[in-house]
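Visitor: 3D, please:
(one chain, ligands or ions: 1)
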Amino acid sequence: MIYFDYNATAPVMREAREAWLHVTEKLGGNPSSMHQFGAKAAIALADAREKLADLLGCHPLDIIWTSGATEANNMVLHHFARKLGATGEVWVSAIEHPCVFDSAQHYFGRRAKLIPVTRDGVIDLDWFTAELADTRPGLVAVMAANNETGVIQPWRELCAICHQYQVPFFTDAVQFIGKLPLKGLGECDYVSGAAHKFGGPRGVGFLKVPHRSVITPLLHGGKQEGGRRAGTENVALIAAMMAALEVREKQIARGEHVLRGIWRDNFEREFLRALPSTTLVGAHSPRLWNTVSALMPDGDRKLQWVVRLDKAGFAVSTGSACTTGKEEPSHVLSAMGFKAAHAVRSVRFSAGWETTEADWDALLKGLAKVNGELHHAKS
Ligand code: PLP
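Guide: A predicted model of the protein is given here:
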C-alpha cells in the first residue's frame, strides 16, 4: 500500500519516537512538581519552548503547548469572542479548515466575514486591501497553506498590511510547517501548528501568541503555561514534536523539498496526459510541493476513485469532509468558484518526505488502471 494522504496525517519519524521514549523513560516527572523529577521535566519543556521560539522567531513565552491545532485555533476565536464583545467582527478566509471556519461561525455568527479567494485559491488581496481601508475587523484569520489544494496564501503580505492598520493577524500554519521554512511566521500575532503533519505524534501542537497581551484560556483548572492553558503538559509528545520539526527544518535548509516538488510536477504533467479531462485545482498558484488536488474526469464520482485506488494499493483522499458518506462539495472548492457538480469530483493526493519518485510513477499506473476499470464498468 502506498500512502498519499500526508495532509491528513504523516507517519511518526524515528527521531520523534526516540525523543518520546527518552522523555517517557528518563524524564517522567510532572514539570510543575517541585522535586528533581519535576525540575528535569521542566527543563526539557523549557528547552522545547526555546527551540520552537528560535525557529519561529518569537519569544519563548509566546508559545502555548496544546493538544493540537483544533484546540489552538478554537482558543484564538474563543479569546477574540471574549475580547471583542457583542459587536466585534472578525474576518476569516473562505477556505479555512473547519476548526477555524466553524469556530468563527460559532463565536461570531454573521459577524464572521468571509474573505474571498480567487479561482486559483489565493486570498483576494485587492478585495482585502480595499475593505481594510474602510473597516477595521478585530482579527484577520488566513491560513498559511490550504489543506485541500496546497495553495500557499500570502501570509507575509497579509500580516504586514494588518499591522499597518493595527489589526491582529492569525495564521493556521498546520500544513505549511515542516514543508517550507518557518522563518517569519513569528511575526504573525497568532500562529498554530500540529506535530502529526510533519512526522511528530498526534495529539500535540502549539499556539504562538503575543505574550505581552492576555489570552483568555479555553481550559481552566491549572496554572500551567502561565495560566493560559490548564492541564499537565505532555513533555514526551512536545519533545517528539520538536525532534521532528528540527529534522524537517534541516531538510528544508538543505533544499531537499525542491526535488520532491519536481517529482510532483512531473506526475501532474503525466497525469494530465493520461487523463486529459482532469482539472488540476490551484495549479496556477504557488503551492506546497507535496499536494495535488484534482477534479477527476467528468461523470466519475470521487468516492469511486478513492475506493478503487484503495483496492489498487493507494491511500488517497477526497480532500473534503465526507463524514456522512454523502459526497458533499468542499467549501474550499465552492469558495474558488467551482460548481457543486464539479467540486464533488475532487480527489487529493498528498505526498510526504518519505514519498519517492517511484511512488508517484506507481500512482500514475494505478490511476490509469482505475480509469480503465471505470470505463469498462460504464460500457
Ligand atoms: N488546520 C489545518 C489546516 C489542518 O489541515 C488540520 C488537520 O487536518 C487542522 C487544522 C487540525 O489539526 P489537529 O488534527 O491537530 O487538530
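
Visitor: The ligand contacts on the chain?
Guide: Contact residues, the chain versus the ligand (CB under 6 Å from any ligand atom): 68, 69, 70, 97, 99, 143, 147, 172, 174, 175, 194, 205. Backbone N, C-alpha and C define where each C-beta goes, glycine included.

Visitor: Could you rerun that using 8 Å?
Guide: 7-9, 67-73, 96-97, 99-100, 143, 145-147, 172, 174-175, 192, 194-197, 202-203, 205 (CB under 8 Å from any ligand atom).

Visitor: Filter those down to just the ones in helices.
Guide: Among the residues of the chain next to the ligand, the ones falling in helices (DSSP state H) are 69, 70, 71, 72, 73, 99, 100.

Visitor: Buried ones among the residues of the chain next to the ligand?
Guide: Buried members of the residues of the chain next to the ligand, counted by 16 or more other CB atoms under 10 Å: 7-8, 67-73, 96-97, 99-100, 143, 145-147, 172, 174-175, 192, 194-197, 205.

Visitor: ok, now which ones touch the residue in the stretch 51-200 of the chain positioned nearest to the ligand?
Guide: Using CB to the nearest ligand atom, the closest approach of the stretch 51-200 of the chain to the ligand is made by residue 68 at 2.8 Å. Residue 68 makes contact with 194, 195, 196, 202, 203, 204, 205, according to CB atoms under 8 Å, 6 or more residues apart in numbering.

Visitor: again, but for residue 65
Guide: 45, 49, 204, 205, 206, 225, 229, 233, 234, 238.

Visitor: Partner strands of the host helix or strand of it, with direction?
Guide: Following DSSP states H and E, one finds residue 65 within strand 63-66. Taking DSSP bridges as the criterion, strand 63-66 pairs within the sheet with strand 205-208 (antiparallel).

Visitor: Which residues does the following helix or strand past the partner strand contact?
Guide: Downstream of strand 205-208, the first helix or strand assigned by DSSP H and E is helix 224-227. The list of residues contacting helix 224-227 from outside it, by CB under 8 Å, 6+ apart, reads 31, 32, 61, 64, 65, 211, 217, 230, 231, 232, 233.

Visitor: Flag every buried residue along helix 224-227.
Guide: Neighbour counts using 16+ other CB under 10 Å place 224, 225 of helix 224-227 among the buried residues.

Visitor: Return the mean pLDDT over that helix, rounded to an integer.
Guide: Here helix 224-227 scores 96 as its mean pLDDT.

Visitor: Also stretch 148-161?
Guide: 98.

Visitor: and if you look at stretch 190-201?
Guide: Mean predicted confidence for stretch 190-201 is 98.

Visitor: got it, and stretch 339-348?
Guide: 90.

Visitor: from memory residue 79 sits against residue 215, does it?
Guide: Yes - using CB atoms under 8 Å, residue 79 is in contact with residue 215, at 5.1 Å.

Visitor: now the strands for the stretch 1-150 of the chain?
Guide: 2-3, 63-66, 90-93, 112-115, 139-141 (DSSP state E, counting those that start in this stretch).

Visitor: Mean neighbour count, those strands: which tops it?
Guide: strand 139-141 (a mean of 27; mean count of other CB atoms under 10 Å).

Visitor: ok, it: who's next to it in the sheet?
Guide: When DSSP bridges is applied, strand 139-141 pairs with strand 90-93 (parallel), strand 169-172 (parallel).

Visitor: Quick one: these as TSV, columns for mean pLDDT and distance to residue 23 too.
Guide: Output for the strands paired with strand 139-141, formatted as TSV (pLDDT from 0 to 100; distance: least, CB to CB, whole Å):
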stretch	mean pLDDT	distance to residue 23
strand 90-93	98	36
strand 169-172	98	27
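
Visitor: Distance to residue 269 for those strands - can I get that in JSON lines?
Guide: Shown next, in JSON lines, are the strands paired with strand 139-141 (distance: least, CB to CB, whole Å):
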{"stretch": "strand 90-93", "distance to residue 269": "30"}
{"stretch": "strand 169-172", "distance to residue 269": "31"}
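
Visitor: Go through these and name the closest to residue 257.
Guide: strand 169-172 (19.7 Å; CB to CB).

Visitor: Give me the contact list for the closest one.
Guide: So strand 169-172 is contacted by 69, 73, 76, 96-97, 99-100, 139-144, 153, 155, 158-159, 162-163, 185, 188-192 (CB under 8 Å, 6+ apart).

Visitor: picking that back up, which of the contacts of residue 68 lies closest to residue 375?
Guide: Among the contacts of residue 68, and counting by CB to CB, the member closest to residue 375 is residue 196, at 37.2 Å.

Visitor: contacting residues for the residue lying closest to that closest one once chain neighbours are set aside?
Guide: The shortest distance from residue 196 to any non-neighbouring residue, by CB to CB, 6 or more residues apart in numbering, is to residue 202 (4.2 Å). Shown in contact with residue 202 (CB under 8 Å, 6+ apart): 9, 68, 195, 196.
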